[in-house]
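Trainee: build me a model:
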Amino acid sequence: MQRLKGAPRTRIEVVETNLSAVAAVASPGAAERRAGGRDRRAEALWRSVAYGAFRPRRRTGRRSSDFSRPIIDWHDPWLFASSTLVIIFCAIDAFLTLRLLENGAVEANPFMALYVYGDARRFAIVKLAMTGVGVLTLVSVARFRMFRMVRAGRLVHFVLGSYVALIGYELLLLERVS
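Mentor: From the prediction side, this is the model:
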């Protein structure tokens, strides 16, 4: 199909071009463009995760459009420490909440009240799962601006400070009850 130079391409021409490019790459005789000829996607997932944990490649965005919202695979060590402490403090909060309920306290959170008065194991699983998903979400978008004011990674530090205050308050309540 002959086309004038500079003339817009039709959808059929674009599809034919793309299909021929895919067929050329997929054919067994196609030249391998990767260094070493190995396909990283064929390797085990955990090997990739372990390799990326110790040798991260993406510390900034790849394109100029990524600088406002980069998705990266390397985060600040303080963010990791804060995220880990949030999960640990969540478990401590669950334990202290159950202790306070044994001493006559009432759950103030109406959503968690649905779980806390039933099975303690189910309460702990729901509480840790919700907190874990929230922390994971905040870490994955750590460099995004939330509400156009603060980076999402800073919210993890805020949540950590809130848990420190909450645990301090619960310990004070336990001391008064005892």
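Trainee: so where's this structure shaky on pLDDT?
Mentor: 1-43, 45, 48-49, 51-74 (pLDDT under 70).
Trainee: could I get the full set of helices for it?
Mentor: The residue ranges that make up the helices of the chain, judged by DSSP state H, are 11-26, 45-54, 77-102, 110-116, 120-140, 152-177.
Trainee: for Met146, which of these is the nearest?
Mentor: Of all these, the one in closest proximity to Met146, counting by C-beta to C-beta, is helix 152-177 (5.1 Å). C-beta here means a position set from N, CA and C on the backbone, and glycine is covered the same way.
Trainee: and the angle from that closest one to helix 120-140?
Mentor: On the basis of axes from the mean of the first three to the mean of the last three C-alpha atoms, to 10 degrees, helix 152-177 is oriented at 150 degrees to helix 120-140.
Trainee: let me have the helices of the chain in JSON lines, adding mean neighbour count and distance to Met146 as columns.
Mentor: Below are the helices of the chain laid out as JSON lines (neighbours: other C-beta atoms under 10 Å; distance: least, C-beta to C-beta, whole Å):
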{"stretch": "helix 11-26", "mean neighbour count": "10", "distance to Met146": "38"}
{"stretch": "helix 45-54", "mean neighbour count": "10", "distance to Met146": "25"}
{"stretch": "helix 77-102", "mean neighbour count": "16", "distance to Met146": "14"}
{"stretch": "helix 110-116", "mean neighbour count": "14", "distance to Met146": "22"}
{"stretch": "helix 120-140", "mean neighbour count": "15", "distance to Met146": "9"}
{"stretch": "helix 152-177", "mean neighbour count": "15", "distance to Met146": "5"}
